[in-house]
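A.B. asks: show me the folded form of this:
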Amino acid sequence: MEKRVVVTGLGAITPIGKNVEETWDGIKNSKCGIDEISVFDTTNFKTKLDAEVKDYDASEYFDPKQAKRFDRSSQFAIIAAREAVEDSGITKENTDFDRVGIFVSSGIAGLITIQDQASTLVNKGNKRVSPMFIPMAIANMPAGNISIEFGFKGESMSIVTACASATHAVGEAYKTIKMGDEDVVIAGGTEASICELGIAGFENMKALSGSEDKNRASIPFDKERSGFVMGEGAGILVLEELEHAKKRGAKIYGELIGFGSTTDAYHITSPCPDGECGAKAMIRAMENANIKPSEVGYINAHGTSTHLNDSTETMAIKTAFGTSAKDVRVSSTKGNTGHLLGAAGGVEAVICMKALEDQILPPTINYKEKDEECDLNLVVNNAEKAEFNIAMSNSLGFGGHNSSIVMRKWNVEE
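C.D. replies: Numbering: from 1, shown residues only. Coordinates of the predicted model:
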């Protein structure tokens, strides 16, 4: 018999908050986390804005040795995991740590470390490259470092599917618990790629917004959108088998009920223009959840603020939802947080859980100009109270990766 999977802990560190409460308050109050790039001199760059974790000081969370040996992406992952695990209340007394997995992903992981050590190699020679370079840079280390931090000894992995990475991690964690292979999985994503190399790479492929107005830079579904704004941070969920959670008296935020993923097989960066495979991922997720499109009340769209993504995702939603597309409420929270790349789906899953818990629809902020190509039932500028039981979160990644998860509001009487 397949197991049911519930969410019992949430953790986040984002451009609009250093924890879940601050982040969710930022969403509800239409806070924009975008500002001028502060981590390097942008004189020679067209891109002037990003979405950094504000006033971040590693020494507040780690001792000096740890801070030096953890890439920023691992730091964010550990911080969010600490919050999520504490929130969940799992301990060695109520949980077998041999059956706690860690599925925490990143799109690029240690890019800042890679840039720094490449510079050291060029300027100071190979003997000066840090022996910690590889352990800091590789993409699996956020998951590995969480395992070491807590002593969790179940399955541990990092699924790299670009900007779909965290949603794939949550989805695969859901499948793992559903099949009975783990009791608990720490799942989500982390990213910290704001550096000269990261910005230059995305800028030169024309993916980033060149706006210098922080309120008109990340504007998903707006006709004047011109590219995404790079963000950083982490979003982590504690997923747990229902009976295990009940046995230890855990608070349950909601239930994860469906997951679907597909691949475009079309282009290395551009989504398939008709949105066919993005639609199929949503359809698969709904079929996996055994629900009809009319039952979904809210979609947290990938909504990056690039012209092609938003118009293509609109078509995908229309294809997947059919006549229900006109009714389901849709928004992108990347106007608040920027685009957290491989961590986006983790943060957005946390946001969806809070939306279901509080019965509040997150808005697409700074929206002004309606686009006929993006004629969805958008939640714009201000959060809205609503009654809805099911939410979907979409993530799409370079390489044609599409992933969707479906979450349900928890009925305390269950």
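A.B. asks: what about residue 231, neighbour count?
C.D. replies: Using other C-beta atoms under 10 Å, residue 231 is surrounded by 29 other residues. The way it works is simple: take the backbone N, C-alpha and C, and place the C-beta from them, glycine included.
A.B. asks: need the contact list for residue 404.
C.D. replies: Neighbouring residues of residue 404 by C-beta atoms under 8 Å, 6 or more residues apart in numbering: 167, 258-261, 281-282, 284-285, 392-395.
A.B. asks: for it, give me phi and psi.
C.D. replies: Backbone torsions of residue 404, given as degrees, to the nearest 10, read phi -140, psi 140.
A.B. asks: with adjacent residues omitted, what lies nearest to it?
C.D. replies: Counting by C-beta to C-beta, 6 or more residues apart in numbering, residue 404 lies nearest to residue 285, which is 4.0 Å off, once chain neighbours are set aside.
A.B. asks: on contacts alone, who are the packing partners of the helix or strand hosting the one you found?
C.D. replies: Here residue 285 sits within helix 276-289, counting by DSSP states H and E. In terms of contacts (3 or more C-beta pairs under 8 Å, 6 or more residues apart in numbering; DSSP states H and E), helix 276-289 is packed against strand 254-263, helix 307-321, strand 390-397, strand 401-409.
A.B. asks: circling back: which of the contacts of residue 404 lies closest to residue 344?
C.D. replies: Nearest to residue 344 out of these is residue 395 (C-beta to C-beta; 6.1 Å).
A.B. asks: relative to residue 234, how far out is the closest one?
C.D. replies: Plainly put, residue 395 is 15 Å away from residue 234 if you go by C-beta to C-beta, to the nearest Å.
A.B. asks: between the two, who's got more neighbours?
C.D. replies: Using other C-beta under 10 Å, the more surrounded residue of residue 395 and residue 234 is residue 234, with 35 against 32.
A.B. asks: now the more buried one: phi and psi?
C.D. replies: Dihedral pair for residue 234: phi -150, psi 150, per degrees, to the nearest 10.
A.B. asks: shouldn't it be in contact with residue 74?
C.D. replies: No - contact criterion C-beta atoms under 8 Å: residue 234 and residue 74 do not qualify, at 9.5 Å.
A.B. asks: any shared contact partners between the two?
C.D. replies: Common contacts of residue 234 and residue 74 (C-beta under 8 Å, 6+ apart): 142, 190.
A.B. asks: give the buried residues for stretch 263-273.
C.D. replies: Buried residues in stretch 263-273, counting neighbours by 16 or more other C-beta atoms under 10 Å, are found at 263-264, 271-272.
A.B. asks: hmm, I typed the wrong one, I wanted stretch 35-50.
C.D. replies: Across stretch 35-50, burial judged by 16+ other C-beta under 10 Å covers 35, 37, 42, 47-50.
A.B. asks: C-alpha coordinates for that stretch, CSV please?
C.D. replies: Presented in CSV, the C-alpha positions along stretch 35-50 are these (Å, rounded to 0.1, in the frame of the first residue of the first chain):
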residue,chain,number,x,y,z
ASP,A,35,18.0,46.1,-5.3
GLU,A,36,21.4,47.2,-6.7
ILE,A,37,24.1,44.6,-6.9
SER,A,38,26.3,45.0,-3.8
VAL,A,39,28.7,42.1,-4.0
PHE,A,40,30.8,43.4,-6.9
ASP,A,41,31.4,46.5,-9.0
THR,A,42,28.9,46.6,-11.9
THR,A,43,30.6,49.4,-13.9
ASN,A,44,31.3,47.1,-16.9
PHE,A,45,28.0,45.3,-16.6
LYS,A,46,24.6,46.1,-18.2
THR,A,47,22.9,44.3,-15.3
LYS,A,48,22.7,46.5,-12.2
LEU,A,49,20.1,44.7,-10.1
ASP,A,50,19.9,41.4,-8.2
